[in-house]
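Asker: Can you look at this prediction? I've put the sequence above it.
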Amino acid sequence: MARLRNNKKRMVIKPIVKNKQPIVNQVTGEKIPKSFVFSRTKLPSSLRQLEMDLRKLMLPYTALKLKEKKQNKLKDFLNVAGPMGVTHFLILSKTHATPYLRVARTPQGPTLTFKVHGYSLAIDIVQSQLRPRCPQDLFKNSPLIVLSGFGTGDQHLKLTTIVFQNMFPAIDVNTVKLSSCQRIVLLNYNKETKLVDFRHYSIRLQPIGVSRRIRKFVQNHLVPDLRNLQDVSDFVTRAGYGSESEADDEAATDCVVVKSSLMHRINGYGFTLQGFGQKEFWRIY
């Protein structure tokens, strides 16, 4: 008996091919550091969210959707770290008293242990802001790292500086593109309290010395609505009358001269740091 032929067309779904991330840093020629962020004990919901905030901070060179199981041991993560090029572990744990964060260099250390004295989640900081900022390409590049107060000569502070500097790719200030500088991680060591203030900010560049109306026109490159005005000077003079909050924003903005092919029309640009990530206070152990 002849077999019936199925004439139905089959739908073939092409897999989505993601762009491969570079393995070697073009500036130093060394391998780009990568990380795993996971926990070693059962964490409450707030610390679970803090763990996810740390993963977003380490983007794009981290496993955002790393799956953990109760039976996983530290040796299991070490076995997969080598083939995947993972260089650092960020391990959250919690005792009956307080949570801890360990930052480890694989495979042979060193390991830094921090006692978390307090923290604020990213969602709490965003909800407290009137105009939260989160552009689409915010996590496309690694954040910049700024360390303050660690130059006291103590050996454990020097080691902390080296570990955190090697957690993120190095940059060349002469060739770096300003569009890639979207985030910054700030670690400030307080000598009196011996606490490390950990902050995660987004960077925003804007022209200085102009009103908010003119600044929007320069940044958005959109033609304003001049139908109800008799002369273009009316638009400029009206732009001079702003609210007190606009003046406060101008005063709180740090001035910096930016030279870039994308910003060649305006020499003076200011940068503002807007908190959108988690905020933590650590003590080194």
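Answerer: That came in fine, so what should we check first? Numbers count the residues shown, from 1 in each chain.

Asker: Where do the helices of the stretch 151-285 of the chain begin and end?
Answerer: All helices of the stretch 151-285 of the chain, identified by DSSP state H, counting those that start in this stretch, fall at 155-165, 212-220, 232-239, 244-251.

Asker: Could you give the average pLDDT over the third one?
Answerer: Right, helix 232-239. Mean pLDDT, helix 232-239: 64.

Asker: Residue 280 contacts residue 115, correct?
Answerer: No: with contact defined as Cβ atoms under 8 Å, residue 280 does not count as touching residue 115 (10.8 Å). All C-beta spots, glycine's among them, are computed from the backbone N, C-alpha and C.

Asker: Look at those two and report which has more neighbours.
Answerer: Taking neighbours as other Cβ atoms under 10 Å, residue 280 and residue 115 compare with residue 280 leading, 24 against 16.

Asker: Which parts of the protein belong to which domain?
Answerer: 35-205+276-284, 206-224+235-273 (automatic domain parsing).

Asker: what's the most buried one of those domains?
Answerer: Mean neighbour count, computed with mean count of other Cβ atoms under 10 Å, is highest for domain 35-205+276-284 among the domains of the chain, reaching a mean of 15.

Asker: End to end on that domain, go ahead and measure it.
Answerer: The straight-line separation of the ends of domain 35-205+276-284 (Cα to Cα, to the nearest Å) is 20 Å.

Asker: Quick check: residue 77 is in a helix.
Answerer: Yes: counting by DSSP: H, G, I helix; E, B strand; the rest coil, residue 77 is found in a helix.

Asker: shift numbering so it begins at 356
Answerer: Understood, numbering begins at 356; the last thing we discussed is residue 432.

Asker: Look up how far residue 395 lies from it.
Answerer: Distance of residue 432 to residue 395, computed by Cβ to Cβ, to the nearest Å: 10 Å.
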